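*Asks:* Pasting the sequence and the predicted model now:
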Amino acid sequence: MLDRSACATLSVSVDPDSLEAALHALDLPDPEADDLSDVEFLEHVDRAWSVCERFDLQTEIWRGRILRRIRDRGKHHGQSRGAPFLQWLRERDISKSQAYGLIQLADSADDLVTEGSLDPTCVNNFSKHAFLATAKAAPAVQELVNTAANEGERITRHQVKRFDDEFTAVSSTLLPEEVRQRTQAQILPTKIVAPLVKELARLPKEQQEELRQELAATPELDAVKAVTQTARSMANVQDAALALNTLRDSAPNLDKALGEAQRLEVLGLLAEILRHARQVEQAASQLNRSWQRLGDLHERLWLESGGSTPHLRQLLEALESLSGSPVRISVGALGGQEHYHVEITISDG
């Protein structure tokens, strides 16, 4: 376990003179310079942005370490002394969630440097988003990223994703051996295989095995793409079906329905149907809550009004089509030619 109290000795090298020099040396291109091509303009901008991003990352890491010290000081004196930490945050307009986000960033930096293989001076090679992505990655992926950073490579979030895809594609036990071997041999691109692993992980073991057998028989690029889409649609169908109250009440055999939809090659269509069904259920639930609240308020105002407020009463009468049951709604654009009248019955049964 890393002793966080010892982390004051950990440093992300920041020479104040070099920081100031780097900021003063920022070469921002003139947006009206016609002799500068768009490509050259963006190159200048990207270089300047990367400098700011590096110092932004270092600043936030150290802010997190400072906040961690203030928080831990309160813990040292007992939980009842946590108020000074919150007061310190309030005085500086820092939200609690923002503070703990910075502390988490500092923890990640210390873990990567102390327990990992990252050279502290090479934190400069990360963009902020890449650093956060690396901190959340598997240890093996962190090792790959840290090695690249230590060798001076500039690390972006896209590169972290590439390393993660490569590791996933060659190591996941969800893939048949035939696919892993072809991926290791670079016959199958990792950026195509990695999404397959992600979608397979969402499925029950029986369906995983069925799709694995299909891939083992045909470990080709087109087959990988097709199985990825099939797995995605199957997972979407299952997720949407489990979220539907209507299906819980009627309890259809989802596995058999999935098999039939797969045989007809309409899994995508079924997933879309269930997605819209879920939206209808959610809209109906919201309608019911709003309708009940409208009815309560409508009745309250009706009782408080009287003969001295004829126009107010007239307005409330016009709204009875919405506050009563069935609910009667005129659907169509204001001022448009076409209007549809919809009746919705809401009952307690």
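*Replies:* On my side now, so go ahead.

*Asks:* Show me what the helix or strand where residue 287 lies packs onto, helices and strands only.
*Replies:* Applying DSSP states H and E as the criterion places residue 287 in helix 267-304. Applying 3 or more C-beta pairs under 8 Å, 6 or more residues apart in numbering; DSSP states H and E, we find helix 267-304 packed against helix 221-242, helix 245-250, helix 254-263, helix 310-318, helix 320-323. Where C-beta positions appear, they are placed from N, C-alpha and C, glycine not excepted.

*Asks:* Pick the most buried one from the ones you listed.
*Replies:* Mean neighbours per residue, mean count of other C-beta atoms under 10 Å, is largest over the helices and strands packed on helix 267-304 for helix 221-242, with a mean of 18.

*Asks:* Check what contacts that one and list those residues.
*Replies:* With C-beta atoms under 8 Å, 6 or more residues apart in numbering as the test, helix 221-242 has contacts from 179, 188-189, 192-193, 195-196, 199-200, 202-203, 207, 211, 214-215, 247, 254, 258, 261-262, 267-268, 270-271, 274-275, 277-278.

*Asks:* Need the per-residue pLDDT for the closest residue to residue 201 other than its chain neighbours.
*Replies:* Excluding its sequence neighbours, the residue lying closest to residue 201 (C-beta to C-beta, 6 or more residues apart in numbering) is residue 174, at 6.2 Å. Listed pLDDT for residue 174 reads 91.

*Asks:* for this structure, which spans come out with low pLDDT?
*Replies:* Within the chain, the stretches with pLDDT under 70 are 1-25, 54, 77-82, 116, 332-339, 348-349.

*Asks:* mind running it again at 50?
*Replies:* Applying pLDDT under 50 to the chain flags residues 1-3, 5-14, 16.

*Asks:* Surely residue 27 touches residue 43?
*Replies:* No. In this structure, residue 27 is not within contact of residue 43 by C-beta atoms under 8 Å, at 10.3 Å.

*Asks:* Which one's more surrounded, those two?
*Replies:* residue 43 (13 against 9; other C-beta atoms under 10 Å).

*Asks:* hmm, back to that, just the buried residues of the contacts of helix 221-242.
*Replies:* Buried by 16 or more other C-beta atoms under 10 Å: 179, 188, 193, 195-196, 199-200, 203, 207, 211, 215, 247, 258, 261-262, 267, 270-271, 274, 277-278, out of those.

*Asks:* dump the residue contacts of residue 341.
*Replies:* By C-beta under 8 Å, 6+ apart, the contact list for residue 341 reads 328, 329, 330, 331.

*Asks:* how far off helix 267-304 does the helix or strand containing it point, in degrees?
*Replies:* Assigning secondary structure by DSSP H and E places residue 341 in strand 340-344. If you take axes from the mean of the first three to the mean of the last three C-alpha atoms, to 10 degrees, strand 340-344 sits at 80 degrees to helix 267-304.

*Asks:* Show me how the protein divides into domains.
*Replies:* 11-171, 289-344 (automatic domain parsing).

*Asks:* Just say which of those domains is most tucked in.
*Replies:* Across the domains of the chain, the average number of neighbours (mean count of other C-beta under 10 Å) peaks for domain 11-171, which reaches a mean of 16.

*Asks:* which element is the residue most central in space within the chain on?
*Replies:* For the chain, the residue nearest the mean C-alpha position is residue 133 (12.2 Å; C-alpha atoms, centre = their mean). Secondary structure assignment for residue 133, by DSSP H and E: helix 128-136.

*Asks:* Can you name every helix or strand that that helix contacts?
*Replies:* With contacts taken as 3+ C-beta pairs under 8 Å, 6+ apart, helix 128-136 sits against helix 38-76, helix 96-110, helix 139-150, helix 157-171.

*Asks:* Quick check: which helices or strands does the shortest one pack against?
*Replies:* Helix 139-150 makes packing contacts with helix 128-136, helix 157-171 when contacts are defined by 3+ C-beta pairs under 8 Å, 6+ apart.

*Asks:* who's in contact with stretch 209-216?
*Replies:* Applying C-beta under 8 Å, 6+ apart, the set of residues contacting stretch 209-216 from outside is 174-179, 200, 203, 223-224, 227, 230-231.

*Asks:* which ones are touching the closest residue to residue 45 other than its chain neighbours?
*Replies:* Nearest non-adjacent residue to residue 45, counting by C-beta to C-beta, 6+ apart: residue 29, 6.6 Å away. Going by C-beta under 8 Å, 6+ apart, residue 29 touches 36, 40, 41, 44, 45.

*Asks:* ok but residue 29 is inside a strand, no?
*Replies:* No. Checked against DSSP: H, G, I helix; E, B strand; the rest coil, residue 29 lies outside a strand; its state is coil.

*Asks:* what's the distance between it and residue 46?
*Replies:* Taking C-beta to C-beta, to the nearest Å as the measure, residue 29 falls 11 Å from residue 46.

*Asks:* Output stretch 320-336 as PDB, nothing but the C-alphas.
*Replies:* What follows is stretch 320-336, C-alpha atoms only, in PDB (Å, rounded to 0.1, in the frame of the first residue of the first chain):
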ATOM      1  CA  GLU A 320     -60.000  20.200 -18.200                       C
ATOM      2  CA  SER A 321     -59.300  18.200 -21.300                       C
ATOM      3  CA  LEU A 322     -55.800  17.700 -19.900                       C
ATOM      4  CA  SER A 323     -56.600  17.400 -16.100                       C
ATOM      5  CA  GLY A 324     -59.500  15.000 -16.500                       C
ATOM      6  CA  SER A 325     -59.700  11.400 -17.700                       C
ATOM      7  CA  PRO A 326     -59.400  10.500 -20.500                       C
ATOM      8  CA  VAL A 327     -56.800  13.000 -21.300                       C
ATOM      9  CA  ARG A 328     -57.600  14.700 -24.700                       C
ATOM     10  CA  ILE A 329     -54.600  16.200 -26.500                       C
ATOM     11  CA  SER A 330     -54.500  18.000 -29.800                       C
ATOM     12  CA  VAL A 331     -51.300  17.100 -31.600                       C
ATOM     13  CA  GLY A 332     -49.800  19.200 -34.300                       C
ATOM     14  CA  ALA A 333     -47.700  22.300 -35.000                       C
ATOM     15  CA  LEU A 334     -49.200  25.600 -33.800                       C
ATOM     16  CA  GLY A 335     -50.800  27.300 -36.800                       C
ATOM     17  CA  GLY A 336     -50.400  24.200 -38.900                       C
END
